[in-house]
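1. only the shape, not the letters, is given here:
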């Protein structure tokens with residue numbers, strides 16, 4: 001399930017850090033919206049929408065192709081129990097409690113990548129995108145071999161209209177895992193949005209040119225893609241590498 005091209009990229013879920021990818025398609029923007037800037041919000045990985053397995057607010061249980069590294073400190077069993085507790089709270093929409101549980105667990109296991117990823121998902125779903133970006137960016141620096149943090153970082157950048165940053169992050173996700181299908185799909189969505197943005201500008205500069213026709217064709221394409229996207233902006237689930 002994915003959102004339309006205008007609403008964003010698909011994000012990896014919390015379970016997705018050790019379980020998958022951030023899903024949330026890009027929704028098709030209107031010509032007017034494109035004229036201003038093609039900036040709609042992509043969904044974050046690690047969450048899934050109600051009734052929509054794999055996309056939305058709750059993390060998926062699918063294991064990722066690349067397991068998260070074991071924490072360097074703390075009790076692994078305690079960290080696992082805390083992680084599952086926080087995920088259950090996230091699944092039921094109790095975001096404040098989920099964040100508190102995650103922070104408490106991180107105090108004992110600060111290097112646990114899954115807990116850090118889960119915190120990023122919770123922050124993103126809580127609308128605290130700047131903090132979520134900081135969390136995912138730090139994960140890409142500490143665990144550059146993991147593709148999911150790059151994917152979620154790209155989704156957040158795209159939600160702010162920063163398509164160039166989203167493209168760069170997705171390129172890193174694919175570098176980390178060339179077989180990461182979700183990142184490649186999201187990258188395709190980003191390229192489509194970039195193309196639509198440039199065609200929109202070209203049409204303004206030269207109304208008699210062919211850019212307007214290309215833009216209309218792209219909009220028609222995005223509208224055909226949109227119905228299969230599913231939920232619009234909620235962070236998506238992991239599990240579609």
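-> It's in. Predicted model only: the values in this text are computed from it and were never measured.

2. and residue 101, how far from residue 193?
-> In this view, residue 101 and residue 193 are 36 Å apart by C-beta to C-beta, to the nearest Å. Placement of C-beta: from N, CA and C, glycine included.

3. higher neighbour count, those two?
-> Counting neighbours by other C-beta atoms under 10 Å for residue 101 and for residue 193 shows that residue 193 has the greater number, 30 against 24.

4. buried stuff in stretch 171-191?
-> By 16 or more other C-beta atoms under 10 Å, the buried positions in stretch 171-191 come out as 172-174, 176-177, 180, 182-183, 185-187, 189-190.

5. now do the contacts for residue 183.
-> Residue 183 is in contact with 21, 147, 150, 151, 154, 170, 173, 174, 177, counting by C-beta atoms under 8 Å, 6 or more residues apart in numbering.

6. pick out the most distant pair among those residues.
-> The distance between the two most remote of the contacts of residue 183 (C-beta to C-beta) is 13.6 Å, for 154 and 177.

7. which helix of this protein spans the most residues?
-> helix 181-205 (DSSP state H).

8. returning to that earlier point: could you identify the most distant pair in the buried residues of stretch 171-191?
-> Farthest pair in the buried residues of stretch 171-191, by C-beta to C-beta: 176 and 189, 19.0 Å.

9. count of residues packed around the closest residue in space to residue 78 that isn't next to it in sequence?
-> Spatially, and ignoring its direct neighbours in sequence, residue 78 is nearest to residue 108 (6.5 Å; C-beta to C-beta, 6 or more residues apart in numbering). By the criterion of other C-beta under 10 Å, residue 108 has 15 neighbours.

10. rewinding a little: closest to residue 128 among the contacts of residue 183?
-> Using C-beta to C-beta, the contacts of residue 183 come closest to residue 128 at residue 154, 17.8 Å.

11. which helix or which strand is home to that closest one?
-> Per DSSP states H and E: residue 154 is located in helix 147-159.
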